[in-house]
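Enquirer: The sequence isn't on hand, but the structure is:
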């Protein structure tokens, strides 16, 4: 029973366009959400986070949107660059404690030149 | 500043063998974690530690043991390897203090195959 779902295993986007990665969760107690990026043969690296008291958080080209009523969050990358090609993991937690993080299965983003 | 390092990068074990996956961080982080990632699945927490001498079970601890004698090191022990333990193992650390965000820093992973 997956509490955090990323229903698109892969996504292909043209360079310069917007990439939108989606994540759905089932536990209404989750109040903290993160995105991690992972390159092959490396560990995940933290990208951006959002608390449930917000509905949007921006960091440069990356924006995370949270829709609590729909239990849905999305990561927007604008503009997409070939270096953004990686696997993106969504994670959710009750509280900002790492031992509570629940990770989704990931979406592989390919940005085509 | 190397961050989080893991050894070995790859290992093949026979059923019933034992091994220790090493993890070291040089950021003086108090929290450390071990995750496993199976194909098509998200990371699952095996064990974590909030400081030297303190460890606790995560979601999938069966078949594993950990210890934390120093701030820097957090080894993961497999006593009787089973094919179900074939996975990629990631160690992570974080410096959660009051009011801060728990950003985890991950090592590069150990790919373990049990035959």
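Expert: That came in fine, so what should we check first? Model, not experiment: these values are computed from the prediction.
Enquirer: distance between the ends of stretch A:15-27?
Expert: For stretch A:15-27, the first and last residues are 35 Å from each other (Cα to Cα, to the nearest Å).
Enquirer: who in chain B is up against chain A?
Expert: Listed as neighbours of chain A in chain B under the rule Cβ under 8 Å from any Cβ of the partner chain: B:4, B:31, B:33, B:35, B:40-45, B:48, B:56, B:58, B:90, B:92, B:94, B:96, B:100-109. Just so you know, the C-beta spots here come from the backbone N, C-alpha and C atoms, and that holds for glycine as well.
Enquirer: Now do the strands in the chain.
Expert: Picked chain A for this. Ranges of strands in chain A, per DSSP state E, are A:4-5, A:10-14, A:19-25, A:32-38, A:45-51, A:56-59, A:62-67, A:72-77, A:86-93, A:102-103, A:107-112.
Enquirer: Chain B is the one I meant
Expert: Using DSSP E, strands in chain B cover B:4-7, B:10-13, B:19-25, B:31-37, B:44-51, B:54-57, B:64-66, B:76-78, B:87-94, B:105-106, B:110-114.
Enquirer: how far away is residue B:114 from residue B:40?
Expert: 19 Å (Cβ to Cβ, to the nearest Å).
Enquirer: Show me just the buried residues among the residues of chain B next to chain A.
Expert: Among those, those classed as buried by 16 or more other Cβ atoms under 10 Å in any protein chain shown are B:4, B:31, B:33, B:35, B:42-45, B:48, B:58, B:90, B:92, B:94, B:96, B:102-109.
Enquirer: where does chain A have low pLDDT?
Expert: Residues of chain A meeting the criterion pLDDT under 70: A:1.
Enquirer: same thing but 90
Expert: Within chain A, the segments meeting pLDDT under 90 span A:1-2, A:41, A:94-101.
Enquirer: Would you tell me which residues of it are close to chain B?
Expert: A:2, A:4, A:9, A:41-46, A:49, A:89, A:91, A:96-99, A:101-106.
Enquirer: hmm, 7 Å instead?
Expert: Residues of chain A lying close to chain B by Cβ under 7 Å from any Cβ of the partner chain are A:4, A:41-46, A:49, A:89, A:96-99, A:103-106.
Enquirer: Kindly reformat the strands of chain A as a markdown table containing mean neighbour count and distance to residue B:83.
Expert: Output for the strands of chain A, formatted as a markdown table (neighbours: other Cβ atoms under 10 Å in any protein chain shown; distance: least, Cβ to Cβ, whole Å):
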| stretch | mean neighbour count | distance to residue B:83 |
| --- | --- | --- |
| strand A:4-5 | 20 | 26 |
| strand A:10-14 | 14 | 28 |
| strand A:19-25 | 21 | 31 |
| strand A:32-38 | 23 | 25 |
| strand A:45-51 | 17 | 30 |
| strand A:56-59 | 12 | 41 |
| strand A:62-67 | 18 | 38 |
| strand A:72-77 | 19 | 35 |
| strand A:86-93 | 23 | 25 |
| strand A:102-103 | 22 | 23 |
| strand A:107-112 | 17 | 26 |
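Enquirer: Can I get these in JSON lines including distance to residue B:52?
Expert: As requested, these are exported to JSON lines (distance: least, Cβ to Cβ, whole Å):
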{"stretch": "strand A:4-5", "distance to residue B:52": "31"}
{"stretch": "strand A:10-14", "distance to residue B:52": "41"}
{"stretch": "strand A:19-25", "distance to residue B:52": "34"}
{"stretch": "strand A:32-38", "distance to residue B:52": "26"}
{"stretch": "strand A:45-51", "distance to residue B:52": "24"}
{"stretch": "strand A:56-59", "distance to residue B:52": "33"}
{"stretch": "strand A:62-67", "distance to residue B:52": "34"}
{"stretch": "strand A:72-77", "distance to residue B:52": "35"}
{"stretch": "strand A:86-93", "distance to residue B:52": "24"}
{"stretch": "strand A:102-103", "distance to residue B:52": "26"}
{"stretch": "strand A:107-112", "distance to residue B:52": "37"}
